[in-house]
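1. Here is a sequence together with a model predicted from it:
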Amino acid sequence: MNQRRRTVRAAALGLAIVAALAACGSEGSSNNNTSTGNNGTTAGSTPSGSAVAGETLASTFVLGGPPECPERPFCQQGLEETYGLAFKDFKALDPGGPLTVAALENGDIQVGLLFTTDGNISAKGWVLLEDDKSLQPSDNVTPVFNDTIATEYGDDLETLVDGVSEKITTEDLTQLNEQVTVDKEDAADVAAAWVDENVPAPSGATPKTGTTIVVGSANFDESAILAEIYAKVLKDNGYPVETKLKIGSREIYFPALESGEVSMIPEYAGTLLAFLDENTPASTDPDETYASLTKALEGRTVVAFASAPAEDKNGFVVTAETAEKYDLVKTSDLAQPAP
């Protein structure tokens with residue numbers, strides 16, 4: 001087993017299991033000090049609260065995204081603190097899902113939080129505003145496992161999963177998302193086609209005996225697609241597998257991962273780090289973020305396998321019409337004087 005896993009696991013086994021987190025978060029999720037990115041919750045409408053309207057373009061716009069966005073450092077909170085943007089209102093929708101897409105398309109919101117790999121952005125000709133002040137950290141796809149399962153199956157499991165991860169690119173994620181969210185194809189079918197092309201099943205794989213690996217996902221399409229990819233590869237290689245998809249936000253699924261109710265989740269390094277440790281900011285460097293994440297997991301019953309090249313971040317999106325009308329290219333353009 002490689003040194004990275006030995007170090008993380010030794011720390012995890014040497015400490016008591018921590019209590020399940022009640023409130024945390026990330027671009028996938030949230031705690032009272034994390035991001036809204038790769039995670040999800042239910043829809044509704046919420047005022048911006050702490051935001052004080054200013055005489056900027058943003059003060060005339062409604063921001064839309066996941067309900068936890070106002071309290072997340074990579075979402076509305078970050079836009080206020082890093083960019084100085086106070087919006088007219090915030091509309092609680094979903095995590096980069098169809099409600100946000102529809103609200104942006106219908107003009108109910110003027111700025112929407114979508115993930116940077118969302119196929120709707122290019123399909124609809126929308127403008128992903130440049131994060132010119134580097135609010136968003138590196139956020140590479142990173143499978144995390146309950147340590148009991150990782151220990152039971154050992155190096156063979158880690159080597160297999162790491163081999164899958166290294167083949168997943170950001171371009172792949174964008175194309176897979178477009179097939180599911182735009183073309184309305186089934187996530188399991190899309191994932192299976194990608195696996196067949198990129199990770200062919202071995203001939204005559206011997207069925208493995210042991211604990212069933214429960215592969216879970218957060219409650220948005222990309223997470224479910226990734227979960228289906230890892231689940232299929234594991235099944236193709238003889239592991240006993242079942243899936244538990246779209247469990248909910250990180251506040252829900254991470255405690256389930258710690259307890260062993262879920263065995264594995266495809267995570268995002270930067271926002272998971274923010275969820276676990278509010279005092280260690282994620283870096284724009286993937287290696288630094290990964291190192292901080294493995295340290296933050298010490299003493300927990302969860303270990304991180306190698307990150308994929310694929311990266312997905314929070315992105316703030318406007319329609320082509322809005323971008324053209326106000327000459328919007330980068331996020332800081334929203335701070336221009338109100339018309």
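-> Okay, I see it.
2. what are the ranges of the helices in this protein?
-> 3-14, 76-83, 98-106, 119-123, 147-165, 170-177, 187-198, 221-236, 250-259, 269-276, 286-296, 320-326 (DSSP state H).
3. Tell me which of those sits most buried.
-> Mean neighbours per residue, mean count of other Cβ atoms under 10 Å, is largest over those for helix 269-276, with a mean of 31. (Each C-beta comes from the backbone N, C-alpha and C, glycine too.)
4. That one to helix 250-259, inter-axis angle?
-> Angle between the axes of helix 269-276 and helix 250-259 is 90 degrees (criterion: axes from the mean of the first three to the mean of the last three Cα atoms, to 10 degrees).
5. Relative to the whole chain's centre, how far out is stretch 285-293?
-> Distance of stretch 285-293 from the chain centroid (Cα atoms, centre = their mean, to the nearest Å) equals 16 Å.
6. I'd like the helices of the chain laid out as TSV, including distance to residue 64.
-> Output for the helices of the chain, formatted as TSV (distance: least, Cβ to Cβ, whole Å):
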stretch	distance to residue 64
helix 3-14	38
helix 76-83	10
helix 98-106	5
helix 119-123	14
helix 147-165	32
helix 170-177	19
helix 187-198	24
helix 221-236	18
helix 250-259	20
helix 269-276	19
helix 286-296	27
helix 320-326	13
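7. Okay, now the unreliable bits of the chain?
-> Within the chain, the stretches with pLDDT under 70 are 1-54.
8. Please parse it into its domains.
-> 3-20+138-304, 24-137+314-335 (automatic domain parsing).
9. follow-up on the earlier one: out of the helices of the chain, flag the one nearest residue 139.
-> helix 269-276 (4.0 Å; Cβ to Cβ).
10. Specify the angle between the closest one and helix 286-296 in degrees.
-> Angle of helix 269-276 versus helix 286-296, following the same axes, to 10 degrees, is 30 degrees.
11. which other helices and strands contact helix 269-276?
-> strand 24-27, strand 29-31, strand 141-146, helix 250-259, helix 286-296 (3 or more Cβ pairs under 8 Å, 6 or more residues apart in numbering; DSSP states H and E).
12. what pairs with the third one, and is each one parallel or antiparallel?
-> Sheet pairing for strand 141-146, assigned by DSSP bridges, gives strand 264-268 (antiparallel), strand 302-304 (antiparallel).
13. Deepest-packed of the ones you listed, please.
-> Buried most deeply of those, by mean count of other Cβ under 10 Å, is strand 264-268, with a mean of 31.
14. That one to helix 147-165, inter-axis angle?
-> 60 degrees.
15. wait, doesn't residue 62 sit right on residue 88?
-> Yes - here residue 62 reaches residue 88: they are 5.7 Å apart, a contact under Cβ atoms under 8 Å.
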